[in-house]
Each structure stands twice: as structure tokens, then as C-alpha cells.
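# Predicted model, plus sequence, below.
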Number of protein chains: 2
Amino acid sequence: MYKSPANNNELDHLISLLSKIPGLGPRSARRAALQLIKKKDSLMRPLSSALASVAENVHPCAICSNLDVENPCHICDSTKRDRSIICAIEDVSDLWALERSGSFRGLYHVIGGTLSALDGVSPSDLNINSLMDRAGDPNLKEVIIATNATVDGQTTAHYITEQLKDFDIIVSRLAHGVPIGGELDYLDDGTLTTALNSRRPF
Amino acid sequence: MYKSPANNNELDHLISLLSKIPGLGPRSARRAALQLIKKKDSLMRPLSSALASVAENVHPCAICSNLDVENPCHICDSTKRDRSIICAIEDVSDLWALERSGSFRGLYHVIGGTLSALDGVSPSDLNINSLMDRAGDPNLKEVIIATNATVDGQTTAHYITEQLKDFDIIVSRLAHGVPIGGELDYLDDGTLTTALNSRRPF
């Protein structure tokens, strides 16, 4: 029999909601609830308002599906970005990772996941049609497909490449190889084989 | 240089608050924020209201410092609990653990932490004086000191025992020994020694 920890509807409800946040299980949700109550004014109330405000104001960009308070998002709307190149990524977190690296100055397109026969995700469930619409833009020169290097990610990349082949644009993908700072001894065979096959002159 | 992931004040603010929840670091806070936005109606808005409502309505019980919407809490207020025995625990999470076990029907007293010279926690920072007040109740027969089996927990237990020795009550503590389901081979030496020294006839 499940026993509610607090025997107290409001607290139990909070704990059950907290335990649905990815990264928090039932035990850490209980710890989190107690910590939040100890920090009512510095954390609990601000978090409550921040959640309400983000729920109200943050929406996917109509062009690239990035999350922002503005629509189009600040990247699609920026005059400083290179509009001739689009990087297609699986999720907004991948967009953030690329922005943190500071190495890409083009536009993005958030696919919203990967194709998956197992989970029943078909191309119509993803933002692929909207990418095709953008591919028709005469200013566009290149689409970088930066899906994850997983089986589903690569399947999705192949599908998108296939769809883009009728457009007069370059379709590229990220390089695979040894991570910077990585030691060969710790790398898996697949990465090592790819790094060897894709070797480049010094 | 720290780069804000979302480049978007509201989302960045939410992520920085989420990363202060124990159990969530910066990366899992970002993942949590994205999941919450995907589940706006089923999780994000309910969580926002639950946080606000608990912040408003849940307070420490004036008698035992348990957290409840009522004051005194539902345990102190219950007619079904044994009022002759008080179990003193470090934190509300310990109270919840004992309540889940269903094996204790007395009252509680939440100490609110442990004495610690290192962290500068003195007896006046804890709910020890209020325990002494309750110890004067003529109906009280026993206080179980159930602080954690850590150095600080045991120091606190000794201090409380010392303070309670002038009262005409039994002061007891939890048994130490082999956990139920535990294998001897995996136990630390301290527990094994204690279990051996506290052996009981079959």
C-alpha cells in the first residue's frame, strides 16, 4: 500500500508534481519540497511566479520552433545572423548547446524529435514540412543536419537529406571523430573506425 | 564566460531557479524546463499553483514543528495517538519515514537539524528548548531519540539525553544492527561490531 508521506493533501500534491520533473524521483521530490518550504521567499514563491510567467509568455517560434517570448524568436528576427544557412537540430536543448559554443551564426530549425517506428513517430509528427518550406527560399545555400549520432537521429538525418535532394542547396552533416580532449583508449570502436576512415591530411 | 542557454530572460530565470532545487544541476534544470514547457497544462501550471498554495498554507506546527496546513498539526491534534511517548527526529523527512513504516503511534518532535561546531549550530538554533517544555508534561513517559546514526546526529542525541536526565521519563534510542534484508558481507565494520555487541538470545 502506498502511504502518502505528509498525510497532507497540499504537500502530497506538490510532491507528486515535483516527482514528475525529469531528474527527480519520489525521494528527491520529498527532499526538494522540504528545501523549498525552508526557502519560501528566496526560492519557492519566485519559482511559482517564474513557472506561471514562462507558461504564459514562452512559445515556439512560428519559423524555427525555438522557444522564446518573441515570435519570430530573437534568432530568426536578428539582422546579425547569416540567413543563407540553416542548422536542423532535434530539440531546443541542442540549439542551446550550439549557441553556447558560439561557433554558428546562421539560423536554426528545431525538428522536435526523431523518426521512430517503435514509438510511432512519423514525419508528419515532426517539423519537417516547415523545413521544406524554408528550403525553397532562394537566399538559402546550405542546410546542416545536426541530429544526434544515435540510430534514430541518423535515420531522421537520412530521411531529411532524401527530402532535400530536389532543392538546389548543399546538405551537410556534423563531422564524426575523436572528441577534443578524448583519449583513444576510452573511445568506442564505432567512433574510432569513423575517425580513422575520415582522416585528413595534417 | 558563462553563456545563458536560452538568451531569453524569462526562461533563463526559470532555469536558474530550477537549478537551485536539490537534485537538479544546471544541465538537468535545462532539461526540466523544456519538459515543463512541453507539459504546460498537465504539469507546469499545476506546479506553479501548488508551489504558491503550499508556500501560503503550509507552516510548522507550533508544538512539534511538523509541516501541515493545520496548526497544531494533524498528529499533535489526533485523539488516536499515544500522548505518553514522543519521538524526536532531525527533520520532517524522518517523521515521514517513520509514518510510512506505520510502526509508531506516539507524537513527534522535529529537532530541525543537528548540533555542529563546524557549521556553528548551537542548541538555541534547534527546537531543543521546546522539547524540554514538552518533557515537563506529567502524561509523558518516554522520549525516543531517533536522530541519524551520524557523528552529528549522535552528538545531538547525547546532548538531548543529558538535558532530559532531570525529568522522570525514560529516554531511549533506536537499535543499531544489521538492516533487514542486509547481507553481512556488505556491511561496514562499525555496524557489524555494534550488531555483535548488541546480540540478543533467540
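Yes, it's here.

# Name the helix or strand for residue A:171, please.
strand A:170-173 (DSSP states H and E).

# That strand pairs with which strands, and in what direction?
strand A:142-145 (parallel) (DSSP bridges).

# Tell me the buried residues in the strand it pairs with?
Within strand A:142-145, the residues that count as buried by 16 or more other CB atoms under 10 Å in any protein chain shown are A:143, A:144, A:145. For glycine as for every other residue, the C-beta is placed from the backbone atoms N, C-alpha and C.

# In the next helix or strand along the chain from that strand, which residues are buried?
Downstream of strand A:142-145, the next assigned helix or strand under DSSP H and E is helix A:151-164. Across helix A:151-164, burial judged by 16+ other CB under 10 Å covers A:152, A:153, A:156, A:157, A:159, A:160, A:163, A:164.

# Then stretch A:168-188?
A:169, A:171, A:173, A:177, A:187.

# One more: stretch A:89-102?
In stretch A:89-102, counting by 16+ other CB under 10 Å, buried: A:89, A:90, A:91, A:92, A:93, A:94, A:95, A:96, A:98, A:99.

# of these, list those near chain B.
Contacts with chain B within the buried residues of stretch A:89-102, counted by CB under 8 Å from any CB of the partner chain: A:91, A:92, A:93, A:96, A:99.

# what's near enough to touch the nearest residue to the second one once chain neighbours are set aside?
Read it as residue A:92. Excluding the flanking residues, the one nearest residue A:92 by CB to CB, 6 or more residues apart in numbering or on different chains is residue A:67, at 5.3 Å. Counting by CB atoms under 8 Å, 6 or more residues apart in numbering or on different chains, residue A:67 touches A:58, A:59, A:60, A:61, A:73, A:92, B:6, B:8, B:11, B:34, B:37.

# same question, residue A:169
Contacts of residue A:169 by CB under 8 Å, 6+ apart are A:135, A:140, A:141, A:142, A:143.

# beta partners for the last one?
Each beta-bridge partner of residue A:143 is listed here, defined by DSSP bridges: residue A:86, residue A:171.

# so it sits right up against residue A:173, yeah?
No: shown here, residue A:143 and residue A:173 do not form a contact pair, counting by CB atoms under 8 Å, at 9.7 Å.

# Out of the buried residues of stretch A:168-188, the closest to chain B would be?
Nearest to chain B, judged by CB to the nearest CB, of these is residue A:187 at 22.3 Å.

# Now do that closest one against residue B:15, distance only.
Going from residue A:187 to residue B:15 by CB to CB, to the nearest Å gives 32 Å.

# that older thread, from the buried residues of helix A:151-164, which two are the most distant?
A:152 and A:164 (18.6 Å; CB to CB).

# Got the domain ranges for chain A?
Domains of chain A are assigned by automatic domain parsing as A:9-57, A:67-173.

# any idea of the mean pLDDT in stretch A:105-112?
Average pLDDT, stretch A:105-112: 96.

# what's that stretch in contact with?
Contacts of stretch A:105-112 (CB under 8 Å, 6+ apart): A:60, A:64-66, A:75-76, A:80-92, A:94-95, A:98, A:125-128, A:130-131, A:134, A:143-144, A:147, A:156, A:160.

# sorry, back to before: in TSV, list the buried residues of strand A:142-145 along with pLDDT and distance to residue A:121.
Listed next are the buried residues of strand A:142-145 as TSV, based on pLDDT from 0 to 100; distance: CB to CB, whole Å:
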residue	pLDDT	distance to residue A:121
A:143	95	21
A:144	95	22
A:145	95	17
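
# quick one: which of these is nearest chain B?
residue A:144 (19.8 Å).

# In helices only, show me the ones next to chain B among the buried residues of stretch A:89-102.
Judged by DSSP state H, helices contain the following of those: A:92, A:93, A:96, A:99.

# Dump those to CSV, plus pLDDT.
Formatted as CSV, these follow (pLDDT from 0 to 100):
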residue, pLDDT
A:92, 94
A:93, 93
A:96, 93
A:99, 92
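
# just those residues now: which is nearest chain B?
Closest to chain B, out of all of these and judged by CB to the nearest CB, is residue A:96, at 4.0 Å.

# and that closest one, how far is that from residue A:87?
Separation of residue A:96 from residue A:87 (CB to CB): 13 Å.

# same check, this time on residue A:20
Counting by CB to CB - residue A:20 and residue A:87 are separated by 31 Å.

# what does residue A:144 give?
4 Å.

# And for residue A:177?
Counting by CB to CB, the gap from residue A:177 to residue A:87 is 19 Å.

# in the lowest-mean-pLDDT helix or strand in chain A, what's buried?
Sorting the helices and strands of chain A by mean pLDDT, DSSP states H and E puts helix A:189-197 at the bottom, at a mean of 87. For helix A:189-197, burial by neighbour count (16+ other CB under 10 Å) applies to A:191, A:194, A:195.

# TSV please, covering those residues and showing distance to residue A:201.
Formatted as TSV, those follow (distance: CB to CB, whole Å):
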residue	distance to residue A:201
A:191	21
A:194	17
A:195	15
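
# Which of those residues sits closest to residue B:114?
Closest to residue B:114 out of the buried residues of helix A:189-197 is residue A:191 (48.2 Å), distances taken as CB to CB.

# In contact with the closest one, which residues?
Counting by CB under 8 Å, 6+ apart, residue A:191 touches A:176, A:177, A:178.

# Adding secondary structure, write those residues out as TSV.
Below are the contacts of residue A:191 laid out as TSV (DSSP: H, G, I helix; E, B strand; the rest coil):
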residue	secondary structure
A:176	coil
A:177	coil
A:178	coil
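
# Any chance of CSV for those, columns pLDDT and distance to chain B?
Below are those laid out as CSV (pLDDT from 0 to 100; distance: CB to the nearest CB, whole Å):
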residue, pLDDT, distance to chain B
A:176, 87, 23
A:177, 88, 24
A:178, 88, 23
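
# Between these, which sits nearest residue A:118?
Of the contacts of residue A:191, the one sitting nearest to residue A:118 (CB to CB) turns out to be residue A:176, at 23.9 Å.

# Now do the contacts for the closest one.
Counted by CB under 8 Å, 6+ apart, residue A:176 has contacts A:149, A:191, A:194, A:195, A:198.

# how close does it sit to residue A:202?
19 Å.

# show me the contacts for the closest residue to residue A:51 other than its chain neighbours.
Nearest non-adjacent residue to residue A:51, counting by CB to CB, 6+ apart: residue B:48, 3.8 Å away. Taking CB under 8 Å, 6+ apart, we find residue B:48 in contact with A:48, A:49, A:51, A:52, A:55.

# Right, I'll call it a day here.
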